[in-house]
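> My questions are about this predicted structure, shown below with the sequence.
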Amino acid sequence: MRRPVLLWLLLFALAFLGLGGLYGGIAMLSDPTGGSLQMTEVLPLLPVPNFILPGLFLLFVMGLVPLFLIYALLKRPVWMWAEPLSRLTGRHWAWLGTLSVGAVLIIWLAVQGLMIGFKE
């Protein structure tokens, strides 16, 4: 089955986001001070004492979820727990998941920008 070019662009963006989230999350969890990412000067600007919580967020929400959505968009599995989402939107549930990840990414970046902007 041929898939549209825009789907492949979306899958590439999800892979980029997922791999970046995995890298950033693992780096933040392995060095919660931010030294390995050269982010020690950013930590005082944030409302957290170390990078453990942002690292967990990056690892799971911005790392594993986008990679899981790539699988779901390609294979279109039918799972009982996700079927209400498909009925709600009229599309496969993975599309709503992808939109949700995009919204969370926008909110994450906006909040981070606002926090750093207010403290400077």
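Alright, I've got the coordinates.
> Run the chain-centre distance for the strand or helix carrying Leu85.
In the assignment (DSSP states H and E), Leu85 maps to helix 83-89. The chain centroid and the centroid of helix 83-89 are separated by 22 Å under Cα atoms, centre = their mean, to the nearest Å.
> quick one: buried residues of the helix or strand that comes right after that helix?
Read in the C-terminal direction, the helix or strand following helix 83-89 is helix 93-119, with elements assigned using DSSP H and E. Along helix 93-119, the positions that meet the burial threshold by neighbour count (16 or more other Cβ atoms under 10 Å) are Trp93, Ala94, Trp95, Gly97, Thr98, Val101. For every residue, glycine as well, the C-beta is placed using N, CA and C.
> which helices and strands sit right next to helix 93-119?
helix 5-30, helix 65-75, helix 83-89 (3 or more Cβ pairs under 8 Å, 6 or more residues apart in numbering; DSSP states H and E).
> Can you flag the weakest of the ones you listed by average pLDDT?
For the helices and strands packed on helix 93-119, the bottom mean pLDDT is recorded on helix 83-89, which sits at a mean of 89.
> In it, which residues are buried?
By neighbour count on 16+ other Cβ under 10 Å, the buried set for helix 83-89 is Leu85, Ser86.
> That helix packs against which elements?
Counting contacts by 3+ Cβ pairs under 8 Å, 6+ apart, helix 83-89 packs against helix 93-119.
> hmm, back to that, what's the closest of the helices and strands packed on helix 93-119 to Ile52?
For the helices and strands packed on helix 93-119, distance to Ile52 was read as Cβ to Cβ. The smallest value, 6.6 Å, belongs to helix 5-30.
> who touches the helix or strand following the closest one?
From helix 5-30 onward toward the C-terminus, using DSSP H and E, the following helix or strand is helix 52-59. Where contact means Cβ atoms under 8 Å, 6 or more residues apart in numbering, the residues beyond helix 52-59 that reach it are Gly21, Leu22, Gly24, Gly25, Ile26, Ala27, Met28, Leu29, Pro32, Leu46, Val48, Trp108.
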